[in-house]
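Peer 1: sequence below, structure please.
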Amino acid sequence: MHNLPFWLILCLSFVLTIRPTYCFIMISTYIYIVHVLCHILAAYNKRLLAIEIHLIKSKIAVRLKLHELLIWRAELISLACKHMRQVYGVPMLLETSYVLSVLPSFPAFVLKMISLNIAFNIVFLEYCCTALIWVLPPLLILIQAMAANTINAEANETVKILAKIPHTGTGLDKMVDKFLMKNIRKKPILTAYGFFQLDRSALFKLLTAIITYIMILVQFTDIENSLKTKQIQTNKN
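Peer 2: Numbering: from 1, shown residues only. This next block holds a predicted model:
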């Protein structure tokens, strides 16, 4: 690093600083918007429950109110599905790919050091701390972003509430049936540009992929060590 020119060190420092800063600002804004959308849908579901209770008393008023709520919900889901995916889909996909490619390197490095019987000296601990500083922040932010998404649960709760509304023999029945037919297939709302769903289920898939990569790296390390051992034995003979 000391032999590098000053302009190159400056450029590397700028690039290595701007990426985590941009990701932190972008994902923090994403988490805030998701929380706002979830609270709005939760309030919407409470209003639907109130409409269901007063359904028998005033059918015409309830039908008009329900029609307005369904239109409002469709616009909100469109905002969450289309516009959020266009703005945050690619950045979330890139950040997930970065975490998936970088995170397995740390446990693989530790396992390799242990397999080579290298003592846990100060240099080894410094390398581990440096790796954790680079790996943990984007991982924790990504976990928080995926865990914050409860929009699908609130959207499905809307379907359950409307399914419990009794038939009235009016145009309200057609309106509710039409809505339920459109929402029979539960499509994911927030996705990483359509590649995978951004919710808690994605955390399990991400963890599974990371563990798989670690196992593959460990197997390659074992193969490398066995080849080195055979080569040393061959040279001795």
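Peer 1: what's the burial count for residue 227?
Peer 2: When neighbours are counted by other Cβ atoms under 10 Å, residue 227 registers 10. In this view, the C-beta of every residue, glycine as well, is placed from N, C-alpha and C.
Peer 1: so for the one helix or strand it maps to, what gets flagged as buried?
Peer 2: Per DSSP states H and E: residue 227 is located in helix 200-236. Of all the residues in helix 200-236, those buried under the rule 16 or more other Cβ atoms under 10 Å are 202, 206, 210, 213-214, 217-218, 221.
Peer 1: from the residues you listed, which single one is nearest residue 190?
Peer 2: Using Cβ to Cβ, residue 202 comes nearest to residue 190 of the buried residues of helix 200-236, at 9.8 Å.
Peer 1: contacts only, for that closest one.
Peer 2: 96, 146, 196 (Cβ atoms under 8 Å, 6 or more residues apart in numbering).
Peer 1: packing partners of the host helix or strand of the second one?
Peer 2: Under the assignment given by DSSP H and E, the secondary-structure element containing residue 146 is helix 122-147. Under the contact criterion of 3 or more Cβ pairs under 8 Å, 6 or more residues apart in numbering; DSSP states H and E, helix 122-147 touches helix 6-53, helix 84-102, helix 105-115, helix 200-236.
Peer 1: now the longest one, how far from the centre of its chain.
Peer 2: Centre-to-centre, helix 6-53 and its host chain are 11 Å apart (Cα atoms, centre = their mean, to the nearest Å).
Peer 1: now swap in the third one and tell me
Peer 2: Here helix 105-115 is found 27 Å from its chain centre; the criterion is Cα atoms, centre = their mean.
Peer 1: flag every buried residue along that helix.
Peer 2: Under the neighbour-count criterion of 16+ other Cβ under 10 Å, helix 105-115 has 106-109, 112 buried.
Peer 1: quick check: the farthest pair among those?
Peer 2: For the buried residues of helix 105-115, the farthest-apart pair by Cβ to Cβ is 106 and 112; their separation is 10.8 Å.
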